[in-house]
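K.L.:
Structure of the sequence below:
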Amino acid sequence: MKKNKINLVLSFLFLLAIILSIAKQYVIAEIGVISYTFICLFCNRSALQEGIKKFLYKKREIKYYHLKDIGKNEDKNARIENLKVLIRLPRTFSVASFLVLAANIFSIYSLLSKLSNPVSELFLSFVEFLVLLFILAVLAGFSIYKHPICSYISIPFVAGLVLLCFGNHLQEMKKVFILIIFLVIVLVLCILFVLILPLYTLRRINAKKIFIMLILSILTTVIIQATPVAMEAIFTQISFSGEIIPNDSSLPAEIKQFLQRKEVIDLVNYFSKREVISEVSSMVSLFTTGVTTSFLISGGIIEFRVSKAKKRAKEKLYALLLQEEKATIQNLTECAYLGGDEIEMLIFSNEKFLEVIKREECE
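P.N.:
Modelled structure (predicted):
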């Protein structure tokens with residue numbers, strides 16, 4: 001009964017915001033939408049907390065897969081189902097929905113755009129960044145476990161989109177500093193990527209890393225070589241021809257006559273073309289350098305985590321072989337998870353460990 005009353009009040013507030021928008025009272029309506037969202041989140045805070053706790057608890061439970069799960073499908077499906085707990089969270093709000101979220105974002109964006117100062121512009125860029133982050137989080141939730149290779153390849157492009165949100169504030173900066181900021185964003189995204197994905201998926205990516213770098217180097221070479229040719233062909237179509245000069249009434253007749261000379265037109269086109277091609281080639285070179293370096297960074301982080309986990313697996317396995325601690329199914333699955341196929345083969349080739357697996361997983 002209490003929940004129905006709250007929903008009725010929230011519905012009235014949202015309807016009031018719509019009426020104010022129709023009446024062109026935009027600022028009041030936008031403030032009302034933001035207030036509505038905070039009230040809605042506060043009223044449903046227990047459901048939100050419960051959903052997040054459920055997600056985190058389940059995430060800890062599926063940390064290690066079963067040894068009989070050869071294709072890792074059981075583990076992958078469990079992770080995807082757990083991720084759906086977060087995706088279903090908006091459904092727990094009977095009134096708040098993605099529509100309200102969109103209205104809330106639009107309201108904040110609109111309010112900030114009415115202010116014309118550097119701080120509001122920075123906050124505006126931050127709102128754009130949050131919207132982009134939300135969209136990417138939803139897309140990643142659906143693809144990161146199903147298509148990890150595609151998610152890995154998209155890291156530098158996601159970093160580029162994040163950088164684009166703050167493009168207005170980076171225009172005066174030197175290109176080398178923009179590249180450094182880009183690589184810092186890539187580093188943060190790579191760390192998140194490595195922490196989210198299970199080790200067996202990172203090992204698959206690590207195995208295909210050389211192939212990805214080979215394709216990347218070929219594409220980079222083709223793009224760098226093709227850029228001047230493509231820009232020259234484009235510039236030929238848009239080059240200055242002097243046809244608009246006679247129609248320009250703001251220029252004196254002597255200057256018009258001078259600018260219509262073929263030598264002057266050729267000189268203008270030559271320097272314009274050289275400047276444009278140089279600028280575009282510089283941008284392409286910066287982009288390819290950033291993408292190549294980002295893959296080197298991400299590959300190094302993945303290699304570090306995989307190697308560190310494998311070292312831990314060997315230490316645990318040697319302790320079990322030397323009977324320093326009793327072999328249990330939990331210890332064996334942890335070793336297999338950390339060490340990969342090589343450690344799995346050592347476990348299955350040991351009679352003592354095989355007996356434990358048969359007793360625990362084959363019952």
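
K.L.:
Spell out, range by range, the helices that occur in the stretch 201-350 of the chain.
P.N.:
Applying DSSP state H, counting those that start in this stretch to the stretch 201-350 of the chain gives helices spanning 209-238, 253-259, 262-321, 329-339, 341-348.

K.L.:
Need the ones you listed in JSON lines (columns: distance to Cys190).
P.N.:
Bear in mind the C-beta positions are built from the backbone N, C-alpha and C, glycine included. Listed next are the helices of the stretch 201-350 of the chain as JSON lines, based on distance: least, Cβ to Cβ, whole Å:
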{"stretch": "helix 209-238", "distance to Cys190": "13"}
{"stretch": "helix 253-259", "distance to Cys190": "53"}
{"stretch": "helix 262-321", "distance to Cys190": "4"}
{"stretch": "helix 329-339", "distance to Cys190": "20"}
{"stretch": "helix 341-348", "distance to Cys190": "24"}
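
K.L.:
To Pro156, which of the ones you listed lies closest?
P.N.:
Proximity to Pro156 (Cβ to Cβ) singles out helix 262-321 among the helices of the stretch 201-350 of the chain, at 4.1 Å.

K.L.:
Point out the other elements, helices or strands, that that closest one touches.
P.N.:
helix 155-165, helix 175-196, helix 199-207, helix 209-238, helix 329-339, helix 341-348 (3 or more Cβ pairs under 8 Å, 6 or more residues apart in numbering; DSSP states H and E).

K.L.:
so it versus helix 155-165, what angle?
P.N.:
130 degrees (axes from the mean of the first three to the mean of the last three Cα atoms, to 10 degrees).

K.L.:
if you average pLDDT over helix 262-321, what comes out?
P.N.:
Averaging pLDDT along helix 262-321 gives 82.

K.L.:
For Ile62, grab the count of nearby residues.
P.N.:
Residues near Ile62, counting by other Cβ atoms under 10 Å, number 16.

K.L.:
so who does it touch?
P.N.:
By Cβ atoms under 8 Å, 6 or more residues apart in numbering, Ile62 lies in contact with Asp75, Ala78, Arg79, Asn82.

K.L.:
How is this protein divided into domains?
P.N.:
117-309, 326-363 (automatic domain parsing).

K.L.:
what about those domains, which gets the closest to Leu317?
P.N.:
Of all the domains of the chain, domain 326-363 sits nearest to Leu317, with 5.0 Å by Cβ to Cβ.

K.L.:
in that closest one, what's buried?
P.N.:
Buried residues in domain 326-363, counting neighbours by 16 or more other Cβ atoms under 10 Å, are found at 327, 329, 331-340, 343-344, 346-347, 350, 353, 356-357, 360.

K.L.:
do the same with stretch 298-312
P.N.:
For stretch 298-312, by 16+ other Cβ under 10 Å, it's Ser298, Gly299, Ile301, Ile302, Arg305, Val306, Ala309, Lys310.

K.L.:
what do you get for stretch 202-222?
P.N.:
Of the residues in stretch 202-222, Leu202, Arg203, Arg204, Ile205, Asn206, Lys209, Ile212, Leu216, Thr220 count as buried by neighbour count, 16+ other Cβ under 10 Å.

K.L.:
How about the third one: what's its closest non-neighbour residue?
P.N.:
Counting by Cβ to Cβ, 6 or more residues apart in numbering, Arg204 lies nearest to Pro148, which is 7.2 Å off, once chain neighbours are set aside.

K.L.:
For that neighbour, give me its contacts.
P.N.:
Contacts of Pro148 (Cβ under 8 Å, 6+ apart): Leu197, Thr201, Arg204, Ile205.

K.L.:
And Leu321, by the same measure?
P.N.:
For Leu321, the contact set (Cβ under 8 Å, 6+ apart) comprises Asn350.

K.L.:
picking that back up, closest to Pro156 among the contacts of Pro148?
P.N.:
Among those, Ile205 lies closest to Pro156 (Cβ to Cβ), at 14.6 Å.
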